[in-house]
Structures are given as structure tokens and as C-alpha cells.
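In: Need coordinates for the below:
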Amino acid sequence: VALLWMAYEHHGVVLFSGPTGVGKTTLMNAHMPFIPYYDRPISIDEGSREVQLPHETGISLSTRDHESEYKRVTMADLMTEANYLNPDVEVIAEVNTPESFETFAQTLNTGHGVIGTTHAEDVETLVNRVVEQGLPAYLVRELDLVVFPRFVDGERYVGEVVELVGPTAYDALDGEKGRIEKDGTTIHWNRVA
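Out: Numbers count the residues shown, from 1 in each chain. Modelled structure (predicted):
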């Protein structure tokens, strides 16, 4: 928790990743109070509001589907709006559609902190999902930490926390680490906990 708290305070990029029902969104919501109260978090939810921001300065935005195009509100619309609101941290509840992956990728380039959830059980599956959504594998390198919650025998817990590192840091590390080759890109990771 202290490591994640430091990531939130320094506007890091944290992704909670795992299959449906393991508690990704619940865990992410439990961590929202660790975002400093002087920061301005903005959440972007697809469809229904899932993120609970306890901050007085927090703003929650949700997509809206409509048969008339001019009444429709897309993830891209919300990302543009969020940037006008000058956030310190953007929270994207479900990164699981091509549009939400694209929004997540664009948000990484803003310099804001980013927190989100997605469906992938391990780092390799995460890299594959990014590529399947039409984004380059190197996008995964922008993540600071990936938290993999688990649900076993009726209990939810954090199974592992992985950091993504460069090749130099990777070579200097001992312990559980790995690399993934995808589309000419090498992703290096290190299991932190």
C-alpha cells in the first residue's frame, strides 16, 4: 500500500488488472483516498459511474450512448473535456474497449497521473490485449505499476504487483522478473510484491 500511495502522490500510472469479479474496481476505489486531497482527480466512466472520488475537487464524467450522434458522449469527448478541467489524476474505470484503450493511451501522454482497471491476468496477457486493441506494445512501458488482484476460495487479495522497467534496470535486478517480446518490442517487468 505504501508503494502505491507513493505512486499516487507522484502522479504515477497504476493499472489494476485481472479477470471479472476479482475486485479490481473495489480495490481501486479503496485507494482513491490515497490520492492527495489537494489534487484534482477526474474519473471517466464508460456507461455507469463506478469510480467513487472522495475529493471535494473531484469530478466524475460518464459516457452516454444515444441514437442521435450529437447527443452521444464518447470516451474521446470525455478525455478532451477532462483535459480542459486541469486534472492532476485521471481515473479510467474500465479500459476494455478499443475506444477506452485509445483514451487510456492518449491520457498517458498528458503528463497527469493515471489510474485504471482492465481485464488481463498477467503481464503477457496485458501486452497481448494492448496489441489486440490496435495499440503498440511499447505503450505498456508507460505503466509504473500493475496490480493483479486475485479471488480464491471466497477471499480477495492482491496476488502480485509488477513494475515495468527499462533494459538497464532489468539487468541490475535480482528476483522474479521477465521479458516479453511482441511486435519487435521488448517489455521488461519486475515482480515487486
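
In: Can you list the residue ranges for helices in this protein?
Out: Counting by DSSP state H, the chain has helices at residues 2-9, 24-31, 75-84, 98-108, 123-132, 167-172.

In: List just the one of those that sits closest to V158.
Out: Nearest to V158 among those is helix 24-31; the distance by CB to CB comes to 7.3 Å. (Each C-beta comes from the backbone N, C-alpha and C, glycine too.)

In: Check which helices and strands the closest one sits against.
Out: strand 13-17, strand 113-118, strand 145-152, strand 155-165 (3 or more CB pairs under 8 Å, 6 or more residues apart in numbering; DSSP states H and E).

In: Pull up the pairing partners for the shortest one, direction included.
Out: So the one you mean is strand 13-17. Counting by DSSP bridges, the strands paired with strand 13-17 are strand 113-118 (parallel), strand 145-152 (parallel).

In: How far off centre is the first one?
Out: Right, strand 113-118. 2 Å (CA atoms, centre = their mean, to the nearest Å).

In: Residues in contact with stretch 145-161: which ones?
Out: With CB atoms under 8 Å, 6 or more residues apart in numbering as the test, stretch 145-161 has contacts from 3-4, 7, 12-18, 21-24, 26-27, 121-123, 126, 162-164, 191-193.

In: and with 7 Å instead?
Out: 3-4, 7, 12, 14-18, 21-24, 27, 122-123, 126, 162-163, 191-193 (CB atoms under 7 Å, 6 or more residues apart in numbering).
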